[in-house]
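**Student:** structure of the sequence below:
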Amino acid sequence: LTAIFFNCNCTPNFDEAHAYNIARYLNPAEIFTISKTEGHPFLWYFLLMPIAKMHLGYPYNLFLLNLLIILSAFYFLYKYAPFSTLTKYLITFSAPFLQLYVSYARSYSLTLLLLFILLSIYEKRSQKTLLYLTLIILLANTNIIGFCLAAPLGLLYLKETYALRKKNITPVLLTFTFGLLEILLIICQFYSYDTSIPSHTPIFSSLEENLNKVFFPLNIQLFIIIVLITIFTLCKNKRYQGLFFLIMANIGLLLLFFNIYSGNLHHHAFFYIILIAAYWIGCTEEEPNLNAKQLLPLSILAFLMIFNIYDYRKRQYYNNLRESAISINQKYPNQPVNIFILDPFTADIILPYLTPNITLLNQTATAVTTLKGLQEFLYYFYIPINSDTILKTAQKFPDTL
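**Tutor:** Numbering: from 1, shown residues only. Model prediction:
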């Protein structure tokens, strides 16, 4: 009901629509090519492909897919997480779950689902080697945050299988094979990245400001205290696998945010997800499980975050763009029309609402639905519009609006 409320009469924002357009207009080979400019692995685009190619009921087809993914993640949380029912309720109603991922149709919901499935079989990973390694590969290819979560899980499993290599060499070989497969996937998708693409992504707020928003009514200092208490709890109870995951995953995210991409709320909320996963791993390492007192820091954090409100839904601006697309359809109901669009941000949002007779062209008069058009997107996203280019294109294509 909450997801329906958040998504009712809402237009997908740029990121949601952009991924949808990529899945709609490109084939699988082209998606591997565009990863070099997009920075996102293939898995989310592949999952979107069936609904995007059919293009029925947009945007509700997109929202419904996301809702099914999140509900599936909740299923694994409630059925397999070694937490009390109260703690599970608190996690469910905390802001990242109830407000953010349940209504933001991007690959991060898929990251949550795959992570929770992995954790649900963590205790039986040695009996389900192929499934476990396959899920790690899939998790690593949801997005770069998924990679930061998958890497420590893969390293832990490699250490375990290598220690038992004299008893059974097969798990070691499988782990190395899957590791090489992931390296190959990374090379195929991101090798020869075009460094001429503008990299000056605007930073609207600092990492500290975003973390304060994510953990409100707590702040980043109090969250760090909770992390330190968690580290102490895991050390004291000799839950070293949970400790390793907590430290390595957090290091991965910090390196990402400080060196590659500053991120936003839906990225930074994964510090909270990592904490949940660390406790989950710690509880399944050995008997007895961590008790309610030892899980108290997680429960307190989840409880306080229930009172957070993220100002993160689609604003009226996106709905206005949807209405603009509908007006264009009404003005040109049948005849083919080329529209020269100056702002790629706007193009992605209105594109799914346009009828097939309307073609959007970018600053180089390339159809934005083509591989070249989608690759050129970043060149024109953050740099000023070139008036000379516009005039020359208008002279070359005088019938273009």
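
**Student:** pLDDT below threshold where in the stretch 51-200 of the chain?
**Tutor:** Across the stretch 51-200 of the chain, residues meeting the criterion (pLDDT under 70) sit at 193-200.

**Student:** if you could redo that for the stretch 301-401 of the chain, that was the one I meant.
**Tutor:** Filtered on pLDDT under 70, the stretch 301-401 of the chain yields the residue ranges 311-315, 382-385.

**Student:** which parts of it are helices?
**Tutor:** 316-331, 344-350, 371-375, 387-396 (DSSP state H, counting those that start in this stretch).

**Student:** could those go into CSV alongside distance to residue 42 and mean neighbour count?
**Tutor:** Placement of C-beta: from N, CA and C, glycine included. Formatted as CSV, these follow (distance: least, Cβ to Cβ, whole Å; neighbours: other Cβ atoms under 10 Å):
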stretch, distance to residue 42, mean neighbour count
helix 316-331, 26, 14
helix 344-350, 19, 22
helix 371-375, 14, 19
helix 387-396, 32, 12
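
**Student:** what would these look like in a markdown table with distance to residue 76?
**Tutor:** Output for the helices of the stretch 301-401 of the chain, formatted as a markdown table (distance: least, Cβ to Cβ, whole Å):
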| stretch | distance to residue 76 |
| --- | --- |
| helix 316-331 | 32 |
| helix 344-350 | 32 |
| helix 371-375 | 34 |
| helix 387-396 | 50 |
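
**Student:** what's the closest of those to residue 279?
**Tutor:** Of all the helices of the stretch 301-401 of the chain, helix 316-331 sits nearest to residue 279, with 36.9 Å by Cβ to Cβ.

**Student:** quick one: contacts of that closest one?
**Tutor:** Residues from elsewhere that reach helix 316-331, judged by Cβ atoms under 8 Å, 6 or more residues apart in numbering: 9-13, 339, 346, 349-351, 353-355, 358.

**Student:** now do 10 Å
**Tutor:** The contact list for helix 316-331, computed with Cβ atoms under 10 Å, 6 or more residues apart in numbering, reads 9-14, 16-17, 59, 314, 337, 339, 345-355, 357-358, 360, 401.

**Student:** list the ones among those residues that fall in strands.
**Tutor:** Among those, the members found in strands (DSSP state E) are 337, 339, 358, 360.

**Student:** residues in a beta bridge with the third one, which ones?
**Tutor:** Residues in a beta bridge with residue 358, per DSSP bridges, are residue 337.

**Student:** quick one, what contacts it?
**Tutor:** Residue 358 is in contact with 325, 328-329, 331-333, 335-339, 350-351, 401, counting by Cβ under 10 Å, 6+ apart.

**Student:** name the nearest of the residues you listed relative to residue 29.
**Tutor:** Closest approach to residue 29 among the contacts of residue 358 (Cβ to Cβ): residue 351, at 21.6 Å.

**Student:** any idea how many residues pack against the closest residue to residue 96 other than its chain neighbours?
**Tutor:** Distances taken as Cβ to Cβ, 6 or more residues apart in numbering place residue 269 nearest to residue 96, at 4.1 Å, with adjacent residues excluded. The tally of other residues near residue 269 (other Cβ atoms under 10 Å) stands at 26.

**Student:** surely residue 362 meets residue 386?
**Tutor:** No - using Cβ atoms under 10 Å, residue 362 makes no contact with residue 386, being 11.6 Å away.

**Student:** can you list residues touching both of the two?
**Tutor:** Common contact partners of residue 362 and residue 386 (Cβ under 10 Å, 6+ apart): 342, 380, 393.

**Student:** and of those residues, the nearest to residue 183?
**Tutor:** Nearest to residue 183 out of the shared contacts of residue 362 and residue 386 is residue 380 (Cβ to Cβ; 32.8 Å).

**Student:** measure the closest one to residue 348 for me?
**Tutor:** Using Cβ to Cβ, to the nearest Å, one gets 12 Å for the distance from residue 380 to residue 348.

**Student:** what do these two both touch?
**Tutor:** Both residue 380 and residue 348 are in contact with residue 341, where contact means Cβ under 10 Å, 6+ apart.

**Student:** one step back: more neighbours: residue 362 and residue 386, which one.
**Tutor:** Remark: of residue 362 and residue 386, residue 362 carries more neighbours, 24 against 13, as counted by other Cβ under 10 Å.

**Student:** I'd like to know how far the more buried one sits from residue 368.
**Tutor:** In this view, residue 362 and residue 368 are 5 Å apart by Cβ to Cβ.

**Student:** common neighbours of those two, please.
**Tutor:** Contacts common to residue 362 and residue 368, judged by Cβ under 10 Å, 6+ apart, are 341, 344, 347, 374, 376-377.

**Student:** would you list the residues you listed in a markdown table and tack on distance to residue 35?
**Tutor:** Output for those, formatted as a markdown table (distance: Cβ to Cβ, whole Å):
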| residue | distance to residue 35 |
| --- | --- |
| 341 | 24 |
| 344 | 18 |
| 347 | 20 |
| 374 | 11 |
| 376 | 15 |
| 377 | 13 |
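
**Student:** report the two of those separated the most.
**Tutor:** 341 and 374 (13.5 Å).

**Student:** mind listing the shared neighbours of these two?
**Tutor:** The contact lists of residue 341 and residue 374 share 348, 362, 368, where a contact means Cβ under 10 Å, 6+ apart.

**Student:** and what about the residue nearest the centre of the chain, helix, strand or coil?
**Tutor:** The residue lying closest to the centre of the chain (Cα atoms, centre = their mean) is residue 108, at 2.7 Å. Here residue 108 is recorded as helix under DSSP: H, G, I helix; E, B strand; the rest coil.
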